[in-house]
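Undergrad: pasting the sequence and the predicted coordinates here, then a few questions.
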Amino acid sequence: VGQTLAACDGGILLDLGNTGENANDDYYQSLDNPQPFTVRDLVRTDRLSGGVSSPDGKTVAFFRYVWSVNLNVSSTTLWTVDVSTGVAARVTPFAWGISESNAQWTADSSRLIFLSNRGGAGTQIWTVSSSGTDATQVTDYPLSIQTLLLDAHSNNVAFSVSIFPGTTMELTCDYLAAKEEGRIPGFGKLDAFLYKKTFIRHWDTWFQGRRNHIFLTKMSVSNGVVTFAEPRDIMNDWDVDAPTKPYGDMNEWSFSADGKLFAFPRQMSCNEAGQCDPSVELSDVTWRTDLAICFAGTEKGGEVTCDTSNPAIDTEPRFHPSDPDLLSYIRTDVPGYESSQRFIYLWRISTGEQWNATTRDFPFSVGEHRWVNDGGAIVFTAIIDGVSSVLYANVTSPPGNYPQPIYVGDNHRSCGSVHSMGQDQVLLACSSLYAPVDFYVASLRDANLRQITAFNSEMLAKTLMGTEAQYLKFTGGNGDEVGMWVLTPYNYQPDGNHAVAMLIHGGPESAWTTDWSYRWNLQMYAGDGYFVVAINFHGSLGSTGNLMGQDFVDSVANNWGGSPFQDIYLGLDYVLVDSPYAGSLDPERCVAAGASFGGFLINYIQGHMDEVMASGKNGGFKALLCHDGMFSSVANYYQTEELWFPEHEFGGPAYLVPENYERWNPMNFVSKWNTPEMIVQGEKDFRLSTSQGISMFNALQRRGVDSQFLYFPTMNHWVFAPTELTFWMDNILDFLARYGQP
């Protein structure tokens with residue numbers, strides 16, 4: 001005990017100054033004329049996140065991220081905006097290197113608590129008045145805090161830290177310091193770990209014994225001074241993660257209306273007889289998708305209980321705002337299938353009764369959900385025809401009488417991050433293909449959206465983007481209706497002869513939507529002169545065609561090189577020959593880029609270019625880009641971390657159904673690889689590991705095909721750091737331009 005956080009949890013904060021917060025706006029003001037949108041504009045974009053309404057509904061707190069081109073560093077600070085006037089103001093001091101998150105309001109709307117690293121002692125809990133006059137560090141725990149949730153009515157607080165199970169924050173810190181300083185008993189300096197079960201690594205991190213554990217405590221506020229009671233680890237010696245890895249956060253947690261219960265999900269390990277051990281995650285969590293909702297009393301004493309009745313996914317519990325006995329949650333019904341349709345269920349705690357609140361006649365998966373109107377209704381999101389839509393469902397009816405959802409968004413924006421504001425209003429974070437995220441207030445009475453923030457206006461005024469986006473439908477694989485987004489280049493001419501860039505999304509159970517992306521942004525290609533095509537092929541979310549909703553999603557299983565591949569070349573034919581833009585596109589200057597599952601399709605296309613060109617309507621793709629894709633489906637089964645994914649997609653383990661893995665295996669068609677291709681690979685991508693990317697590059701080089709290997713030692717499945725993102729896009733567009741000539 002007593003080691004500094006810098007030694008045990010990386011809490012070093014460099015002094016990089018506090019000037020230049022608005023340097024990106026100044027840059028755009030200095031430009032005389034608008035310029036085509038590029039990746040450098042993307043990384044200069046202000047990013048807004050974490051919006052939450054004050055209890056009185058008058059103010060919204062949120063975070064603003066800015067990045068310095070000169071310093072190569074970012075800052076994320078806490079802001080508020082007046083809902084009635086739209087006046088926004090920063091409430092925590094600006095400095096480079098600051099990272100803040102998880103804002104929560106106190107019950108009287110006068111203060112916020114949040115997570116910040118600004119104290120130089122890792123990430124701790126801070127508080128500030130709504131006027132921004134007194135930012136103060138509240139906690140000084142020996143480990144960084146990952147996630148924070150405040151129940152403003154009861155002043156209950158939940159937070160998580162990564163500790164060694166059965167120990168304390170202090171003992172965990174001690175061990176980390178001893179390891180760093182070479183004081184391991186019997187060894188001195190030692191860097192090794194013995195694994196006896198999987199996961200051994202997950203997403204981008206090797207497992208080395210620490211687990212996400214939830215701590216509960218009580219907050220007190222007196223004369224503006226915030227204090228916390230001694231926290232307690234409700235998971236004790238559980239060898240379990242909560243929040244779940246790799247994406248879990250405070251949206252997995254909820255306090256009951258009376259403040260007596262706390263709900264959270266965790267992965268379960270169960271044997272074939274259905275007997276589950278709540279205290280440990282065994283190797284089966286790598287091939288099972290069993291998430292169970294657990295309950296803990298907020299007072300000391302008592303056990304944590306978990307409901308294990310559903311062998312699939314139960315997650316994102318939301319207690320009713322006034323009824324402590326009623327809970328909503330997200331549920332799937334197909335074990336081992338993470339993309340099974342997500343429903344909203346209601347749960348009467350005292351009786352155990354559970355029922356579907358969004359009706360099984362609704363064909364689309366629910367994204368996120370929130371109680372609104374004092375618990376009389378639920379607002380939720382769902383992807384429908386390439387738009388992240390916001391819907392409204394009345395849930396006051398008794399079980400079995402399920403009302404239909406009502407659409408409250410529009411088709412120009414995708415919206416999410418839903419929060420109730422009272423008085424038939426919800427707060428939304430919305431973006432489009434033309435503009436990054438801003439916050440909006442949506443009325444449930446008249447479906448009206450009112451914008452309350454307006455960041456990035458200088459950037460939008462001085463960049464030239466593709467200005468015409470349409471969601472088109474065509475006949476794809478198996479004769480099914482398939483949708484696609486198209487976006488014109490910044491310099492589009494109806495009588496022109498524009499090159500085409502086909503972008504292929506990952507998943508495969510995902511979708512191209514109108515969300516503004518900070519990675520695969522369609523405008524970067526439109527800004528380079530391409531006509532952009534983004535197909536929601538078989539397996540994508542939100543289809544409204546003859547094969548609707550979840551049926552369309554499910555159709556990709558054991559069909560990777562079937563309908564989705566057909567959708568790509570049939571969609572290309574449609575755009576070039578039959579779409580409203582057909583006369584303005586050059587069939588001999590088409591390129592394609594894809595990531596993850598999209599990378600699989602790129603490599604499958606590489607070995608089947610003759611089928612792409614078979615109709616005679618296109619000249620094939622002249623260059624390809626594979627980002628963190630698949631070379632060998634068999635090898636990847638044994639290399640990846642989440643085994644449930646290939647086992648569902650290919651119908652079982654590779655050693656039991658090898659024929660399913662070999663049917664669409666890109667490796668089997670290397671003898672036909674002739675198209676120039678760039679490979680992108682992140683070293684920390686454990687979903688599709690580096691060996692897959694190296695194998696692709698070796699195959700292309702051995703065959704004498706023009707190819708490049710773009711390698712990022714510190715990136716995972718995504719390229720997200722601004723400098724790496726810039727280098728990534730520069731090289732991608734340079735390579736594709738040699739053949740697409742936009």
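TA: Thanks, I have the structure now. Residues are numbered from 1 along each chain as shown.

Undergrad: how about the helices of the stretch 501-650 of the chain, start to end?
TA: In chain order, the stretch 501-650 of the chain shows helices spanning 522-526, 549-554, 563-573, 597-606, 609-612, 633-639, 644-649, with DSSP state H, counting those that start in this stretch as the criterion.

Undergrad: can I get those helices in a markdown table with mean pLDDT and distance to residue 462?
TA: From N, CA and C alone the C-beta is placed, and that goes for glycine too. Formatted as a markdown table, the entries for the helices of the stretch 501-650 of the chain read as follows, by pLDDT from 0 to 100; distance: least, C-beta to C-beta, whole Å:
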| stretch | mean pLDDT | distance to residue 462 |
| --- | --- | --- |
| helix 522-526 | 98 | 14 |
| helix 549-554 | 97 | 40 |
| helix 563-573 | 98 | 33 |
| helix 597-606 | 98 | 31 |
| helix 609-612 | 98 | 39 |
| helix 633-639 | 98 | 44 |
| helix 644-649 | 98 | 43 |
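
Undergrad: can I get these in a markdown table including distance to residue 707?
TA: Converted to a markdown table, the helices of the stretch 501-650 of the chain look like this (distance: least, C-beta to C-beta, whole Å):
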| stretch | distance to residue 707 |
| --- | --- |
| helix 522-526 | 21 |
| helix 549-554 | 33 |
| helix 563-573 | 21 |
| helix 597-606 | 10 |
| helix 609-612 | 15 |
| helix 633-639 | 20 |
| helix 644-649 | 26 |
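
Undergrad: which among the ones you listed is found nearest to residue 179?
TA: Using C-beta to C-beta as the criterion, the shortest distance between residue 179 and those is 27.8 Å, found for helix 633-639.

Undergrad: which non-adjacent residue is nearest residue 114?
TA: Once flanking residues are discounted, residue 114 sits nearest to residue 103: 4.5 Å by C-beta to C-beta, 6 or more residues apart in numbering.

Undergrad: shouldn't that neighbour be in contact with residue 60?
TA: No. Under the criterion of C-beta atoms under 8 Å, residue 103 lies out of contact with residue 60, with a separation of 9.7 Å.

Undergrad: okay, now the unreliable bits of the stretch 251-400 of the chain?
TA: 359-360, 396-400 (pLDDT under 70).

Undergrad: give me the neighbour count for residue 372.
TA: The tally of other residues near residue 372 (other C-beta atoms under 10 Å) stands at 24.

Undergrad: gap between the nearest residue to it once chain neighbours are set aside and residue 102?
TA: What sits nearest to residue 372 in space, not counting adjacent residues and going by C-beta to C-beta, 6+ apart, is residue 420, at 4.5 Å. Distance, residue 420 to residue 102, by C-beta to C-beta, to the nearest Å: 18 Å.

Undergrad: one more: residue 479?
TA: Counting by C-beta to C-beta - residue 479 and residue 102 are separated by 48 Å.

Undergrad: identify whichever of the helices of the stretch 501-650 of the chain lies nearest to residue 267.
TA: helix 644-649 (10.8 Å).

Undergrad: confidence-wise, which helix or strand of the chain is lowest on average?
TA: Lowest on mean pLDDT, DSSP states H and E among the helices and strands of the chain sits helix 5-8, with a mean of 47.

Undergrad: who's more crowded, residue 479 and residue 102?
TA: residue 102 (22 against 11).

Undergrad: any idea of the mean pLDDT in the host helix or strand of the more buried one?
TA: In this assignment (DSSP states H and E), residue 102 forms part of strand 100-105. Throughout strand 100-105, pLDDT has a mean value of 98.

Undergrad: now the farthest one out in this structure, which residue is it?
TA: Taking C-alpha atoms, centre = their mean as the measure, the residue most remote from the mean C-alpha position of the chain is residue 186, 42.9 Å away.

Undergrad: which of the helices or strands spans the residue nearest the centre of the chain?
TA: By C-alpha atoms, centre = their mean, the chain has its centre lying nearest to residue 247, at 7.5 Å. Taking DSSP H and E as the definition, residue 247 sits outside all helices and strands.

Undergrad: okay, it: pLDDT?
TA: 93.

Undergrad: output the helix or strand the residue nearest to residue 372 falls within as CSV, nothing but the C-alphas.
TA: Element membership of residue 420, judged by DSSP H and E, is strand 414-422. C-alpha atoms of strand 414-422 as CSV (Å, rounded to 0.1, in the frame of the first residue of the first chain):
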residue,chain,number,x,y,z
SER,A,414,-29.7,8.5,-37.7
CYS,A,415,-30.3,9.0,-34.0
GLY,A,416,-29.4,7.2,-30.8
SER,A,417,-28.2,7.7,-27.2
VAL,A,418,-31.7,8.1,-26.0
HIS,A,419,-32.4,9.8,-22.6
SER,A,420,-35.8,10.8,-21.1
MET,A,421,-36.3,14.5,-20.5
GLY,A,422,-39.9,14.3,-19.2
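
Undergrad: state the next helix or strand along the chain beyond it.
TA: Past strand 414-422, heading to the C-terminal end, the next element that is a helix or strand (DSSP H and E) is strand 425-431.

Undergrad: what's the angle between that next one and strand 414-422?
TA: Strand 425-431 and strand 414-422 meet at an angle of 160 degrees, taking axes from the mean of the first three to the mean of the last three C-alpha atoms, to 10 degrees as the criterion.

Undergrad: partner strands of strand 425-431, parallel or antiparallel?
TA: Looking at strand 425-431 with DSSP bridges, its paired strands and their directions are strand 414-422 (antiparallel), strand 438-443 (antiparallel).

Undergrad: would TSV of those strands with mean neighbour count, mean pLDDT and distance to residue 473 be doable?
TA: As requested, the strands paired with strand 425-431 are exported to TSV (neighbours: other C-beta atoms under 10 Å; pLDDT from 0 to 100; distance: least, C-beta to C-beta, whole Å):
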stretch	mean neighbour count	mean pLDDT	distance to residue 473
strand 414-422	20	92	19
strand 438-443	22	93	27
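
Undergrad: same list (those) but as JSON lines, adding distance to residue 705.
TA: As requested, those are arranged in JSON lines below (distance: least, C-beta to C-beta, whole Å):
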{"stretch": "strand 414-422", "distance to residue 705": "38"}
{"stretch": "strand 438-443", "distance to residue 705": "44"}
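
Undergrad: for residue 609, give me its contacts.
TA: 620-621, 672, 674-675 (C-beta atoms under 8 Å, 6 or more residues apart in numbering).

Undergrad: and the furthest pair within the residues you listed?
TA: In terms of C-beta to C-beta, the contacts of residue 609 reach their longest pairwise distance at 621 and 672, which sit 13.6 Å apart.

Undergrad: who has more neighbours, those two?
TA: Neighbours per residue, other C-beta under 10 Å: of residue 621 and residue 672, the larger number sits with residue 621, 30 against 13.

Undergrad: so the more buried one versus residue 370, what's the distance?
TA: Taking C-beta to C-beta, one finds residue 621 at 43 Å from residue 370.

Undergrad: cool, and residue 448?
TA: Relative to residue 370, residue 448 is positioned 19 Å away (criterion: C-beta to C-beta).

Undergrad: look at these two and report which has more neighbours.
TA: The neighbour count for residue 448 versus residue 370, taken as other C-beta under 10 Å, is higher for residue 370 (19 against 13).

Undergrad: and the gap between that one and residue 80?
TA: Following C-beta to C-beta, the distance that separates residue 370 from residue 80 is 20 Å.

Undergrad: what does residue 369 give?
TA: Separation of residue 369 from residue 80 (C-beta to C-beta): 25 Å.

Undergrad: and of the strands paired with strand 425-431, who's closest to residue 591?
TA: Each of these has some distance to residue 591 by C-beta to C-beta; the shortest is strand 414-422, at 25.9 Å.

Undergrad: chain center to the closest one, what's the gap?
TA: The chain centroid and the centroid of strand 414-422 are separated by 17 Å, computed with C-alpha atoms, centre = their mean, to the nearest Å.

Undergrad: before we move on, what about stretch 111-119?
TA: Mean-position distance between stretch 111-119 and its chain equals 23 Å (C-alpha atoms, centre = their mean).

Undergrad: repeat that for stretch 517-530.
TA: Counting by C-alpha atoms, centre = their mean, stretch 517-530 is centred 19 Å from the centre of its parent chain.
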